[in-house]
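Undergrad: Turn this into a model:
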Amino acid sequence: MSADATCAVCGRTILSGERVHGLVSGGGEHTVCELCLGRAERLGWRPASEADGERPSGGGHERRGRLRSLLGRRNRRPGVAPPPSSLPETDPAAPPRVRSRPLSLDLPNPSPPQRAVARFNSSESGRTVAGLVRTLGVPWVSVGAVAGSPEEIRITVAWELSWYQWGVDIGDELRPVFEIDKGHEIEQLDAAARQWNGFADAEGRLGLGAPGRETVAGEPAAS
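TA: Okay, the predicted model is just below:
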């Protein structure tokens, strides 16, 4: 055995005269110290004498990278602690990782219009508006409840020579966003639909709030 032989499980240098075991696995031959024999057996490693009639070598040189790959793939059993060499290397000073969440989940109590806008942006109709924004520019946006139906939210998106209206049923999450009406003249819209309380960003996603200066410039007055 070489002077720098190490245990394939714990990584400790084997002492002169210390009893060791020669084991084999799919990754090759390994030298294991007496203290780590039980752990190696739980990994499925076998004595070299049982593998294809080979005699135990007792001096297999460990390749640490191969062992870590094997330990990373195995299914850990309850109550069995992983060997130190299988633990991932982490920076103790690094902040814990936090999975990012959809924007709509950041709102603890979203209002009906907020829920409707989130549904609309993820729908096929939302993608239609995104394409129109790239062609026609920034639209005027209005979001409000449909008269006589508090569970339905009406979304109006208008340009100078065209407008579209969609409905979002917030009482039925499975009902798709549906088209209500469309036209060419903004004067065709009722006063409620012309209360511009929303906006569209450069990607065509709608939002609630006061439109930017470029959006309200030349805005038609509500009648």
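Undergrad: Identify the single longest helix in this protein, thanks.
TA: helix 124-136 (DSSP state H).
Undergrad: Quick check: which helices or strands does that one pack against?
TA: Packed against helix 124-136 by the contact rule (3 or more Cβ pairs under 8 Å, 6 or more residues apart in numbering; DSSP states H and E) you find strand 149-159, strand 162-169. C-betas here are computed from N, CA, C, even on glycine.
Undergrad: Please name whichever of those strands is nearest to residue 191.
TA: strand 149-159 (11.6 Å; Cβ to Cβ).
Undergrad: Give the buried residues for that closest one.
TA: The neighbour-count check on strand 149-159 (16 or more other Cβ atoms under 10 Å) flags 152-159 as buried.
Undergrad: and if you look at stretch 18-30?
TA: In terms of neighbour count (16+ other Cβ under 10 Å), stretch 18-30 has its buried residues at 20-25, 27, 29-30.
Undergrad: How about stretch 121-136?
TA: Neighbour-count burial for stretch 121-136 flags 121, 123, 125-126, 128-130, 132-133 (criterion: 16+ other Cβ under 10 Å).
Undergrad: For burial, what's the neighbour tally of residue 5?
TA: When neighbours are counted by other Cβ atoms under 10 Å, residue 5 registers 19.
Undergrad: nearest spatial neighbour of it, skipping sequence neighbours?
TA: Excluding the flanking residues, the one nearest residue 5 by Cβ to Cβ, 6 or more residues apart in numbering is residue 14, at 4.6 Å.
Undergrad: for that neighbour, phi and psi?
TA: Note on residue 14: backbone dihedrals following degrees, to the nearest 10 are phi -70, psi 130.
Undergrad: so where's the chain uncertain?
TA: 1-3, 17, 51-108, 211-223 (pLDDT under 70).
Undergrad: can you give me the end-to-end distance of stretch 188-197?
TA: Length of stretch 188-197, first residue to last, Cα to Cα, to the nearest Å: 18 Å.
Undergrad: name the element residue 196 belongs to?
TA: Assignment of secondary structure by DSSP states H and E places residue 196 within no helix or strand.
Undergrad: beta partners of the closest residue to it other than its chain neighbours?
TA: Distance criterion Cβ to Cβ, 6+ apart; nearest residue to residue 196, sequence neighbours excluded, is residue 140 at 4.8 Å. Counting by DSSP bridges, residue 140 is bridged to residue 158.
Undergrad: what about residue 140, neighbour count?
TA: By other Cβ under 10 Å, the residues close to residue 140 number 25.
Undergrad: what ranges do the strands span in this structure?
TA: For the chain, applying DSSP state E gives strands covering 20-25, 28-33, 46-47, 140-146, 149-159, 162-169, 178-183, 198-200, 206-208.
Undergrad: Throw those strands into CSV and include distance to residue 189, thanks.
TA: CSV is the format used below for these (distance: least, Cβ to Cβ, whole Å):
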stretch, distance to residue 189
strand 20-25, 73
strand 28-33, 76
strand 46-47, 79
strand 140-146, 8
strand 149-159, 7
strand 162-169, 6
strand 178-183, 8
strand 198-200, 14
strand 206-208, 17
